[in-house]
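> take a look and give me a structure for this.
(2 chains)
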2 protein chains.
Amino acid sequence: MALFVEKYGGTSVGSAERIQAVANNVAKSAREGHRMVVVVSAMSGETNRLLQLASEISHSPSSREQDVLLSTGEQVTIALLSMALEAIGVPARSYTGGQIRILTDNIHGKARIQKIDAEKVNQDLDQGRVVVVAGFQGVDGLNNITTLGRGGSDTTAVAMAAALKADECRIYTDVDGVYTTDPRIVPEAKRLDRITFEEMIELSGAGAKVLQIRSVEFAGKYNVPLRVLSSFTEGIGTLITYEDTSMEQPLISGIALSRDEAKLTIRGVPDKPGIAFSILGPVSDAHIIVDMIVQNIGLDGLTDFTFTIPSADLDRCKELLTPVIESLGAIDMIGDSDLAKISVVGVGMRSHAGIATTMFEALSDKGINIQMISTSEIKISVTVDKEYAELAVRTLHKAFELDEEKTTTA
Amino acid sequence: MALFVEKYGGTSVGSAERIQAVANNVAKSAREGHRMVVVVSAMSGETNRLLQLASEISHSPSSREQDVLLSTGEQVTIALLSMALEAIGVPARSYTGGQIRILTDNIHGKARIQKIDAEKVNQDLDQGRVVVVAGFQGVDGLNNITTLGRGGSDTTAVAMAAALKADECRIYTDVDGVYTTDPRIVPEAKRLDRITFEEMIELSGAGAKVLQIRSVEFAGKYNVPLRVLSSFTEGIGTLITYEDTSMEQPLISGIALSRDEAKLTIRGVPDKPGIAFSILGPVSDAHIIVDMIVQNIGLDGLTDFTFTIPSADLDRCKELLTPVIESLGAIDMIGDSDLAKISVVGVGMRSHAGIATTMFEALSDKGINIQMISTSEIKISVTVDKEYAELAVRTLHKAFELDEEKTTTA
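Below you'll find the predicted structure:
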């Protein structure tokens, strides 16, 4: 008999009927004798309803009180799911983050889990109960309610799985697994039966929205096998796990697209030591995340310095750097948010040369101009004009033969 | 500077605007330098919304999970009120029942408060914060969430006031105080500036709906001065306190009407010892509350036995007693829910004879037939045909001169 931690997101528990469907799914495993822990999000729409109420009362509600408010969303779901389980004869017990003592730091709104008390959960599991846990929330050392930020319920599930040494952490969502790329762009995209943590982290970081990067990192760190699957359709989903050297790795696992990128170019910067720091220091102090960075070789002692940031931060970043540009004596600063980033990810890159060549050649054949390039051990990212985003993804999906049927191992 | 515990009910916090109005009211006292603790209920409609969700999922949800569900209602309000206070520059901090450690027994749905940890609250008050507490809820010794049942927020407020030795506990509601009787029945009814705990307890028990009887008993036991006032209009409300021997007591303080009474008569019971117990034993075992009890003097060794119960329990009670009637060899059992109970309450009764006579005479003059009578030290209750209920109340209100202007002490 195995121990499974299952997580159901907001749309999966969006109505009384959906909650009953989740209960039936959980009951199936429980009746097979498995030990079951279920982590749930707020019912879809509930968090927005609560935020709307808060916004009617205050323009800048304190993050402590916002956490008190938002954490009620999951609390409603745990009670309803426990009721639904008991209604079909499955003993269940609900716990808030505070009750199960999911201890976090005190950064309200994006707290990080520090410790989970597994003892209480194990006692309930020993007594044959399904344990239903509120995702997304915890308490700090002073018992203040905290929330983990967007996608926090995934993190709760992975952390619970790690604390309980679960056999598998199953993330139920509205898609039936991880695909080679977004099927809305490439209809031939294939569901992957299996992908490595490293690939999944790179794909999440590069814009694939199936899982929050933090929960994947967490699962990787504690070696919790993670499975993404649909709560609406049957299927085995995609298992995220460590690389199994005995199995044949595909060259490329997936292609991610991010449209939320902006580029900032500072032209005519005097090419001397410390330039990168003078420019990026203030940006990072403002908690703006810089992704790709390119510095051209200088001519006449001048250089162009370009980096990408989330497009939502572009205006703030330009404002921030205006005095810096002046003090550096640079020529000017040009922002551009008509940008898309396409990333090709695969652990196969480690042992195969020529991936970059294939990528650049395929894009060139379609007349797509590459603006910036950055690489990691298992990823190549390029930025292109936003207009070409979908064409670039389709082109690369074909170039790396991801359209083809292939044998999978699950 | 005084310490006030203020409680605002569901309609008082029923919308963002109402919550802001409450914040302004609390801020006024806080800015005068008073130490303020505020207890709030769920926004009106919220509890019903949650119960509706539960009913879609289960016909008989477990009381533990129902408490987890319902307690979110007040949690939403404490967060919003704290935000509203901070938005107008008043430092505030919210606490759930579990956070402030309102320790209760483990009777879900109608738990009783056992202990409150005043230390945390005092620390916040010392730092100049308004402390906002979720009413109606607590935790048992195992940290399970409990709720206190209907009117529980009043009890929370009184218990907080007792634990903190507050100068006054103010219950804000949608009426502006305690009246000599229901103003919807008698337009001449007067607001009382002051009433004793004993009178208030008798009035609440007799059907006056201003305050839950438990919270008044609690306040009396711990000698917490209780003030009922309106959150919608200005005014001093009604102070409920111990009898002040130096002041002139009115003969009668108020008249209460209860329409939710039913009468059950068992006819032709053999008049022998143990009859009352054989009949009322099973009723009390079923947690049905018996109010008035009358046993007629027997003729031919037979007696009639009559008692009143909440009309909602009439059918269940009849079912329960059917085998008892048979085994006792009684003639039959007659239920009647066309009944109203009118109670006249006043500490003046202790020192004045003739109150009952005045009451019976006034009713007789209007041709109102009295069915049952019961008395306590400061109360006389009669049941009459429901049709005569309002007439009886108006008649007695006049007979005891409650319509007249009188000097009050507040």
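
> the top helix by length along chain A close to chain B?
The longest helix of chain A (DSSP state H) is helix A:63-87. Yes - using CB under 8 Å from any CB of the partner chain, helix A:63-87 reaches chain B at A:64-66, A:68-69, A:71-72, A:75-76, A:78-80, A:82-84, A:86-87. From N, CA and C alone the C-beta is placed, and that goes for glycine too.

> can you list the buried residues in that helix?
Within helix A:63-87, the residues that count as buried by 16 or more other CB atoms under 10 Å in any protein chain shown are A:64-87.

> stretch A:176-187 too?
A:Asp176, A:Gly177, A:Val178, A:Tyr179, A:Thr180, A:Thr181, A:Asp182, A:Ile185, A:Val186.

> work out the gap between stretch A:214-228 and the centre of the chain.
Relative to the chain's own centre, stretch A:214-228 is displaced by 11 Å; criterion: CA atoms, centre = their mean, to the nearest Å.

> residues near the residue nearest to A:Ala16 when sequence neighbours are not counted, how many?
Nearest non-adjacent residue to A:Ala16, counting by CB to CB, 6 or more residues apart in numbering or on different chains: B:Glu56, 3.6 Å away. When neighbours are defined as other CB atoms under 10 Å in any protein chain shown, B:Glu56 has 15 of them.

> next one: A:Ser337
Neighbours of A:Ser337 (other CB under 10 Å): 18.

> which of the three states applies to the residue nearest to A:Thr181 when sequence neighbours are not counted?
The shortest distance from A:Thr181 to any non-neighbouring residue, by CB to CB, 6+ apart, is to A:Ile255 (4.1 Å). Secondary structure for A:Ile255, judged by DSSP: H, G, I helix; E, B strand; the rest coil, is strand.

> surely A:Ser343 is in a strand?
Yes - secondary structure assignment places A:Ser343 in a strand (three-state DSSP).

> from chain B, how far off is it?
40 Å (CB to the nearest CB, to the nearest Å).

> ok, A:Thr358 touching A:Thr395?
No - in this structure A:Thr358 lies outside contact range of A:Thr395 using CB atoms under 8 Å: 10.9 Å.

> now the helices for chain A?
Under DSSP H, chain A gives helices at A:16-31, A:46-57, A:63-87, A:118-126, A:152-164, A:197-205, A:213-221, A:275-285, A:314-328, A:355-365, A:389-399.

> got the angle for the third one vs helix A:152-164?
Okay, so that is helix A:63-87. Direction vectors for helix A:63-87 and helix A:152-164, defined by axes from the mean of the first three to the mean of the last three CA atoms, to 10 degrees, enclose an angle of 70 degrees.

> now helix A:63-87: mean pLDDT?
Helix A:63-87 shows a mean pLDDT of 97 in the predicted model.

> ok, now stretch A:109-122?
According to the model, stretch A:109-122 has a mean pLDDT of 92.

> stretch A:256-264 too?
Here stretch A:256-264 scores 92 as its mean pLDDT.

> again, but for stretch A:203-214
Summarised as a single mean, pLDDT over stretch A:203-214 is 82.

> quick check: buried residues in that stretch?
Using 16+ other CB under 10 Å as the burial criterion, the residues of stretch A:203-214 that qualify are A:Leu203, A:Ser204, A:Gly205, A:Ala206, A:Gly207, A:Ala208, A:Val210, A:Leu211, A:Gln212, A:Ile213, A:Arg214.

> in JSON lines: these, plus distance to B:Gly346.
Compiled in JSON lines, these are given as follows (distance: CB to CB, whole Å):
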{"residue": "A:Leu203", "distance to B:Gly346": "78"}
{"residue": "A:Ser204", "distance to B:Gly346": "74"}
{"residue": "A:Gly205", "distance to B:Gly346": "76"}
{"residue": "A:Ala206", "distance to B:Gly346": "79"}
{"residue": "A:Gly207", "distance to B:Gly346": "76"}
{"residue": "A:Ala208", "distance to B:Gly346": "76"}
{"residue": "A:Val210", "distance to B:Gly346": "72"}
{"residue": "A:Leu211", "distance to B:Gly346": "70"}
{"residue": "A:Gln212", "distance to B:Gly346": "67"}
{"residue": "A:Ile213", "distance to B:Gly346": "72"}
{"residue": "A:Arg214", "distance to B:Gly346": "67"}
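
> closest to A:Glu387 out of these?
For these, the closest approach to A:Glu387 (CB to CB) belongs to A:Gly207, at 17.2 Å.

> check the contact between that closest one and A:Asp291; I expect there is one.
No - using CB under 8 Å, A:Gly207 makes no contact with A:Asp291, being 10.3 Å away.

> residues near A:Ile373, how many?
14.

> just list whatever residues bridge to it.
For A:Ile373, the beta-bridge partners are A:Val382 (DSSP bridges).

> quick one: residues contacting it.
Listed by CB atoms under 8 Å, 6 or more residues apart in numbering or on different chains, the contact set of A:Ile373 reads A:Val294, A:Ile380, A:Ser381, A:Val382.

> what's the burial count for the nearest residue to the first one once chain neighbours are set aside?
Read that as A:Val294. Take A:Val294 and drop its neighbours on the chain: the residue closest to it by CB to CB, 6+ apart is A:Thr306, 4.7 Å away. Using other CB under 10 Å, A:Thr306 is surrounded by 19 other residues.

> A:Thr306 touches A:Leu339, doesn't it?
No - the pair A:Thr306 / A:Leu339 is not scored as a contact, 10.9 Å apart, by CB under 8 Å.

> anything in contact with each of those two?
Jointly contacting A:Thr306 and A:Leu339 under the rule CB under 8 Å, 6+ apart are A:Lys263.

> shared neighbours of A:Gly207 and A:Asp291, which are they?
Counting by CB under 8 Å, 6+ apart, the residues touching both A:Gly207 and A:Asp291 are A:Lys341.

> what residues does chain A put near chain B?
Counting by CB under 8 Å from any CB, chain A sits next to chain B at A:16, A:19-20, A:50, A:53-54, A:56-59, A:61-62, A:64-66, A:68-69, A:71-72, A:75-76, A:78-80, A:82-84, A:86-87, A:93-94, A:96, A:98-99, A:143-145.

> which regions of chain A lie under the pLDDT threshold?
Along chain A, the parts satisfying pLDDT under 70 run over A:244-249, A:297-299, A:405-410.

> spatially central residue for it, please.
A:Gln212 (1.8 Å; CA atoms, centre = their mean).

> what does it show for phi and psi?
When read as degrees, to the nearest 10, the backbone of A:Gln212 gives phi -70, psi 140.

> how many other residues sit next to the closest residue to it other than its chain neighbours?
Among residues not flanking A:Gln212 along the chain, A:Gly151 sits closest, at 3.0 Å (CB to CB, 6+ apart). Residues near A:Gly151, counting by other CB under 10 Å, number 19.

> next up, the contacts around A:Gly151.
A:Leu211, A:Gln212, A:Arg214, A:Ser215.

> then A:Tyr8?
For A:Tyr8, the contact set (CB under 8 Å, 6+ apart) comprises A:Val22, A:Val38, A:Val39, A:Val40, A:Ser41, A:Tyr172, A:Ser231.

> am I right that the fourth one is in contact with A:Glu74?
It stands for A:Val40. Yes - assessed by CB under 8 Å, A:Val40 is found in contact with A:Glu74 at 6.2 Å.

> which neighbours do the two share?
A:Ala134, A:Gly135, A:Ser153.

> what's the closest of those to chain B?
Within these, proximity to chain B (CB to the nearest CB) peaks at A:Ala134, which comes in at 9.3 Å.

> tell me who's in contact with the residue lying farthest from the centre of chain A.
Computed with CA atoms, centre = their mean, the residue of chain A farthest from its C-alpha average is A:Asp300, at 43.4 Å. Applying CB under 8 Å, 6+ apart to A:Asp300 gives no contacts.
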